[in-house]
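Visitor: All I have is the shape, not the residue letters:
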């Protein structure tokens, strides 16, 4: 964790988010320090996420693999980040990551079923071995299943 805050504040926040090693907390970090830390971690092969809300966070947000801007923060931070957490708050990061993972799982499922339909039904219909009405109904059902599967994200 890298922050421009004082040591006491940084250590308190680190404990709150589950960071228990002092060597993983960098307090009083300048924008250049944050950027250097991100580049160092990336060079070591790590994926780096950055959460920020201020002008000082913009370079690090842009350099991170995923930048999360806290909504209501500086405009440049919001513009530099990949994701803006509307309604603010660092606690929303975990929810955003979980939603992203569920979304990608559903996208893969939808691609599998849509591709499966196209690989099987389209050639059979093109060969004249499938009634066009049945093929059209199957295509419509394929679309309905994709939409229905996607609606599961609302839960």
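Guide: Thanks, I have the structure now. Fair warning: this is a prediction, and the values are worked out from it, not measured in the lab. Residues are numbered from 1 along each chain as shown.
Visitor: hey, where'd the helices end up in the protein?
Guide: Along the chain, counting by DSSP state H, helices occupy 7-16, 31-43, 58-63, 75-80, 92-126, 132-151.
Visitor: and residue 83, what does it touch?
Guide: Residue 83 is in contact with 66, 67, 68, 69, 96, counting by C-beta atoms under 8 Å, 6 or more residues apart in numbering. C-beta: built from backbone N, CA, C; applies to glycine.
Visitor: same thing but 6 Å
Guide: By C-beta atoms under 6 Å, 6 or more residues apart in numbering, residue 83 lies in contact with residue 68.
Visitor: which residues pair with it across the strands?
Guide: Note on residue 83: beta-bridge partners by DSSP bridges are residue 68.
Visitor: Check the gap between it and residue 39 for me.
Guide: To residue 39, residue 83 is 20 Å away according to C-beta to C-beta, to the nearest Å.
Visitor: With residue 15 instead?
Guide: Here the criterion is C-beta to C-beta. By it, residue 15 lies 27 Å from residue 39.
Visitor: Can you give me the neighbour number for residue 68?
Guide: Summarising burial for residue 68: neighbours were counted as other C-beta atoms under 10 Å, giving 24.
Visitor: Pretty sure it sits against residue 51.
Guide: Yes - judged on C-beta atoms under 6 Å, residue 68 makes contact with residue 51 at a distance of 4.5 Å.
Visitor: which neighbours do these two share?
Guide: Shared contacts of residue 68 and residue 51 (C-beta under 6 Å, 6+ apart): residue 93.
Visitor: Residue 38: neighbour count?
Guide: Neighbour tally, residue 38, other C-beta under 10 Å: 23.
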